[in-house]
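> coords please:
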Amino acid sequence: MNISAQKRMAAEILKCGENRVFLDPYFMEDIKMAITREDIRNLIKEGAIQKRYKKGISKTRKIIRHERKKKGRARGLGKRKGPKGARTPKKKAWMKRIRPQRRELKKMRDRKQITASTYRQLYKNAKGGMFNSVAQMNRYIKEKELMRRGR
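Below you'll find the model as predicted:
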């Protein structure tokens, strides 16, 4: 005998889809005999008809991938999408470069390692993007012998 009608009624009563309705094979004769909604409700109370759990989406792979990325894996050129400026915006990169340079220049000026005029000149060079890093700026200062003598 077909039990699709019972399954449909059970799904409506349990407020779920037909695929989530579980019919216990031991109570199959009772289920076949149930023709009213009241019969179905009684079978649900008995446990002959049950509602299966919703299947979720496992986060395991996500967690593993996240752990690997924390270690620095899967971050190569092949995994990157979008332009260069998408991952670190140009402005942020500029701020990351210029602020330490300006800090270093101020430190040197306050310690009297460079003159005010040299400071001004180097400050403008830094603003013009002449130096990529503090180390490069310091190399330039040493090369051009802009440090004051005796310090």
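> C-alpha only now, for contacts and for neighbours.
Fine.
> Spell out the secondary structure type for the closest residue to residue 3 other than its chain neighbours.
With sequence-adjacent residues excluded and distances taken as Cα to Cα, 6 or more residues apart in numbering, residue 3 is closest to residue 32, at 6.2 Å. Put simply, residue 32 is helix when judged by DSSP: H, G, I helix; E, B strand; the rest coil.
> Measure how buried residue 32 is and give me the count.
Residue 32 has 14 neighbours, counted by other Cα atoms under 10 Å.
> And the lowest-mean-pLDDT helix or strand in the chain, how far out from the chain middle?
Sorted by mean pLDDT, DSSP states H and E, the helices and strands of the chain end with helix 84-87, the least confident at a mean of 88. Counting by Cα atoms, centre = their mean, to the nearest Å, helix 84-87 is centred 16 Å from the centre of its parent chain.
> how far away is residue 128 from residue 98?
Counting by Cα to Cα, to the nearest Å, the separation of residue 128 from residue 98 is 10 Å.
> hang on, the earlier thing: can I assume the residue nearest to residue 3 is in contact with residue 7?
No: counting by Cα atoms under 8 Å, residue 32 does not reach residue 7; the two are 10.2 Å apart.
> Which residue ranges make up each domain of this structure?
Following automatic domain parsing, the chain resolves into domains at 1-75, 87-143.
> of the ones you listed, which approaches residue 81 most closely?
When the domains of the chain are compared by Cα to Cα, domain 87-143 sits nearest residue 81, at 8.8 Å.
> Ends of the closest one, what's the gap?
First residue to last in domain 87-143 (Cα to Cα) measures 35 Å.
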